[in-house]
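Peer 1: coords please:
(2 chains)
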Amino acid sequence: MTETTVSELVNESSNTAERSLGISDFDTLAALESESIHIFREVAGEFERPVILFSGGKDSTVLLHLALKAFWPAPLPFALLHVDTGHNLPEVLAFRDKVVDKYGLRLHVAKVEDYLADGRLTERPDGIRNPLQTVPLLDAITEHRFDAVFGGGRRDEERSRAKERIFSLRNAFGQWDPKRQRPELWNLYNGKHAPGEHVRVFPLSNWTELDIWRYIAREDVDLASIYYSHQRPVYQRDGMWMTPGVWGGPGQGEVLETRSVRYRTVGDGSSTGAILSDAADNEAILAEVAASRLTERGATRGDDRVSEAAMEDRKREGYF
Amino acid sequence: MSDLLRLATAGSVDDGKSTLVGRLLYDTKSVLADQIDAVTRASVDKGLATPDLSLLVDGLRAEREQGITIDVAYRYFATPKRSFVLADTPGHVQYTRNTVSGASTAQLVILLVDARKGVIEQTRRHAAVLALLGVPKLVLAVNKIDLVDDPATVFAAISAEFNRLTSTLGWSDEDVLEIPVSALHGDNIASRSQNTPYYNGPSLIEHLESVPVDADSSGTHGLGLRFPVQYVIRPRTAEYPDYRGYAGQIAAGSVSPGDEIVVLPSGIRSTVERVDTPDGELAVAQVGRSVTLILTDDVDISRGDIIASPADAPEPIDSFDATVCWLGDKPLRPGARLLLKHGARTTQAIVGALVERFDEQNLTAAPNPESLELNDIGRISVRVAEPIAADDYRVNRYTGSFLLIDPAGGNTLAAGLVGDVLTAVEVGA
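Peer 2: Have a look, this model is predicted:
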């Protein structure tokens, strides 16, 4: 994407006369949108109790936007599920609740803190709560008998995600086995599963980070405020800019200072960092993402740095 | 038309497929600094002198352990002209089912050969599978061309042999291109190389950017409307008390308000009143687009039905012959009771006779096999409980394809292609 200017990215196919004809605007974003909508409708047609995992992040917000479009003008036939680590940024929780109110959605919340309080889970020495989400997630799936669980995962995020099917079968333990994946042919998705098993569904599989931002700009999708540049007291750790919170910090030798930052991904506050940025609107963010020399996860996700196969290992345990 | 090209790779083990894909990502600047750093670190750990670009794509533990690709991986890259979704498929014979998965939606496949080995058995097998699946465009990347003594002669000989093979399999000359490349050094990948003066064609990326992707490349060959109904949208809200829309993705042709339609398999006729989307009504919607159709009559239509143009609507069938690629670990035998998914309809199916089994190596067919084993391609007869409105696969990949599913475990057992597809591929026999 080096030679394409940002205005080209944004303005491509914005001619409204052509748009109403529905012909020449059938570009990459329209093709991706149609594919995602097709996936949502397949799941609605084949499963009993689907649910959308919603974290308040940009991918799950786009996911929800597409789901609403897939069933328009009918109400969304799915509930939302949020796994709350207790380490979420307050702006993200406020955004989550605003979205739920605005569209009259049903929201289930599974709380890591409940598990810590009664001893079913133990805090890790590094204080990172992302890996602790797996158990409350799987329990919520079992408790509500969800048989299809939508996630905003994209195959461009990480090498093991690149191997994931759009319909990804999980066994009764929620585990992913990369060697036993079903072939996925044409656009014929197979949702058959045994009782107790469920299917994770990834309608954004074929989207890239840049596609997501182009789509947010084109559709004017409302996002959590932390994606846009703002002043925030932060401290530096492992090359990332961390926000102090209930999860602690700054530690010894770490200095709190107010900087102009934004988040590229929304995750656990204890492991997700902000980047220094003055990008305050979609166009500026598109320019920044297009020019970035780092992937979003490489830049700001501590949990992916644990080992070469950190994501694969967590997915095998039942994580997204 | 979409500026998105879906492509796949195919080729045998160790011909440099992962390196080629790594090179495509690298040369289109689709790899970022932290990914390069990770690959450099891992290459140093393995004692390599230069970064191993194949590590950009082989991501699973087992793959890094064995140094091979074991499953389809999807890669994304873009140039100013086009976006690409690439299904990177493994070359091992035992993973032919993954090649089938990766190629089923591809508009173009890059087939790799090692210039030192030329067209080998695996190349012929893959080309036969790709022909069967109706992949519209092919590129033969003659890799490691820098490692042969007389590259001009070698390239000409491999190209000629490949052309004979592909014309036997039914591709026309303009749909096939051979390019001499070195994935390791980047020759003829992003730009034309000085090292191949005997080659006047485009670089791989130039070709991928400019190869035409029209409706025919999606395999719909001028068919009228095919609209599998996925879901009936009935809001029953105060604002939309009487709304009844049929939601789906157009599998062939286009649709406009005023079009006459027929519902299959019932044969009920009606007229399109509106083509609805959340962004407003459309004057015309084309193949690939997800829309909602509102009809002028209140007719009985449910998930699994197909809305088609009356002019060329397929006859619903409950008994037919089909070509299948068997993907199950246990063999297929006559009399098997399975599920068949076609469009948005899943129905019970009974397999009748096994008509023939295709030998990809000799491109011949043996009649009346006792069974079809994993990765076998053959022709079978099938009977279904509810009729399906299928087109011949060669006319439309989406209404001509189906899955066979294990009713017990739910696994996908076969990729099915309606019609006499296999016989068409057997021209070389």
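
Peer 1: For whichever strand or helix holds A:Asp211, name the packing helices and strands.
Peer 2: Using DSSP states H and E, the element containing A:Asp211 is helix A:209-219. Helix A:209-219 sits against helix A:6-11, helix A:28-46, helix A:58-71, helix A:282-291, with contacts defined as 3 or more CB pairs under 8 Å, 6 or more residues apart in numbering or on different chains; DSSP states H and E. For the C-beta atoms, the positions are set from N, CA and C on the backbone; glycine is no exception.

Peer 1: if we go to 6 Å?
Peer 2: The helices and strands touching helix A:209-219, judged by 3 or more CB pairs under 6 Å, 6 or more residues apart in numbering or on different chains; DSSP states H and E, are helix A:282-291.

Peer 1: Check which helices and strands the helix it packs on is in contact with.
Peer 2: With 3+ CB pairs under 6 Å, 6+ apart as the test, helix A:282-291 has helix A:6-11, helix A:209-219 packed against it.

Peer 1: To what extent is B:Thr296 buried, counted in neighbours?
Peer 2: 13 (other CB atoms under 10 Å in any protein chain shown).

Peer 1: biggest strand in the chain by residues?
Peer 2: In the absence of a named chain, this looks at chain A. In chain A, assigned by DSSP state E, the strand with the most residues is strand A:230-237.

Peer 1: wrong one, chain B
Peer 2: Under DSSP E, chain B gives strand B:345-359 as its longest strand.

Peer 1: Which neighbouring elements make contact with that strand?
Peer 2: Strand B:345-359 packs on strand B:337-342, strand B:364-367, strand B:377-388, going by 3+ CB pairs under 6 Å, 6+ apart.

Peer 1: quick one, which of those strands is nearest to chain A?
Peer 2: strand B:337-342 (5.5 Å; CB to the nearest CB).

Peer 1: Identify the residues contacting the closest one?
Peer 2: With CB atoms under 6 Å, 6 or more residues apart in numbering or on different chains as the test, strand B:337-342 has contacts from A:Leu188, B:Thr346, B:Thr347, B:Ala349, B:Ile350, B:Val384, B:Ile388, B:Phe402, B:Leu403, B:Leu404, B:Ile405, B:Pro407.

Peer 1: Max pairwise distance over those: which two?
Peer 2: The largest separation in these, counting by CB to CB, is between A:Leu188 and B:Ile350 at 19.7 Å.

Peer 1: and the stretch 301-429 of chain B, which residues reach chain A?
Peer 2: Residues of the stretch 301-429 of chain B found near chain A (CB under 6 Å from any CB of the partner chain) are B:Arg303, B:Leu327, B:Lys341, B:Ser401, B:Leu403, B:Ile405, B:Gly410, B:Thr412, B:Ala415.

Peer 1: Using a markdown table, please lay out these together with neighbour count, pLDDT and distance to A:Ala70.
Peer 2: Listed next are those as a markdown table, based on neighbours: other CB atoms under 10 Å in any protein chain shown; pLDDT from 0 to 100; distance: CB to CB, whole Å:
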| residue | neighbour count | pLDDT | distance to A:Ala70 |
| --- | --- | --- | --- |
| B:Arg303 | 21 | 97 | 14 |
| B:Leu327 | 24 | 91 | 29 |
| B:Lys341 | 25 | 98 | 20 |
| B:Ser401 | 26 | 96 | 23 |
| B:Leu403 | 26 | 97 | 22 |
| B:Ile405 | 24 | 97 | 24 |
| B:Gly410 | 17 | 92 | 24 |
| B:Thr412 | 25 | 94 | 24 |
| B:Ala415 | 27 | 94 | 26 |
